[in-house]
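> could you look at this predicted model? Sequence included:
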Amino acid sequence: MLVKNNSDKPAKVGRYSVPPGRTCDVPGEYPALWQPRAQGLRSSGVLTFPYYPPTEDAVEEAAKSEEAAPIAEEPIPEAEPFVPDDLTQLVHIGRGRARTMDAAGLMTYADVVDAGAEKLDSMLAIDRDTAEEVVEDAKSRT
């Protein structure tokens with residue numbers, strides 16, 4: 001089985017040493033390949049096995065596709081930082097209830113409206129009328 005070393009340092013697999021950037025033919029039943037050390041090098045990307053070298057056709061196709069499609073570098077727009085709404089501004093919502101809502105994923109007035117009164121009354125242990133007032137207040141603020 002071919003084992004490829006993807007790092008810039010030699011990698012040791014049992015009694016086999018794989019030079020950096022090279023491949024080594026190791027018997028597939030060789031027990032050291034299946035030991036935790038070799039499997040750790042495999043999962044971290046240092047070793048690739050079984051390694052299948054690219055065929056000439058695949059190399060030619062990759063070269064053609066790179067020539068045919070030039071990559072245009074466009075600046076990536078910076079995302080605006082997310083600022084949650086101050087839910088304590090809603091009627092009947094204090095710091096404790098706001099923390100409970102935040103833990104449940106309700107961070108904006110729109111989240112409160114989407115959740116609805118039924119979810120709020122069960123989450124915050126408040127009556128249905130109070131939950132509906134909170135949702136109406138959130139609607140007016142969106």
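Done, it's in.
> which helices and strands does the longest helix belonging to the chain pack with?
Secondary structure assigned by DSSP state H gives helix 109-124 as the longest helix of the chain. Contacts defined by 3 or more C-beta pairs under 8 Å, 6 or more residues apart in numbering; DSSP states H and E place helix 109-124 against helix 95-103, helix 128-141. Using the backbone N, CA and C atoms, a C-beta is placed for each residue, glycine as well.
> one more pass at 6 Å, please.
Helix 109-124 sits against helix 128-141, with contacts defined as 3 or more C-beta pairs under 6 Å, 6 or more residues apart in numbering; DSSP states H and E.
> mind checking how far the helix it packs on is from the chain centre?
From the chain centre to the centre of helix 128-141 is a distance of 35 Å (C-alpha atoms, centre = their mean, to the nearest Å).
> one more: stretch 118-135?
Mean-position distance between stretch 118-135 and its chain equals 34 Å (C-alpha atoms, centre = their mean).
> which residues are contacting that stretch?
90-92, 97, 104, 117 (C-beta atoms under 6 Å, 6 or more residues apart in numbering).
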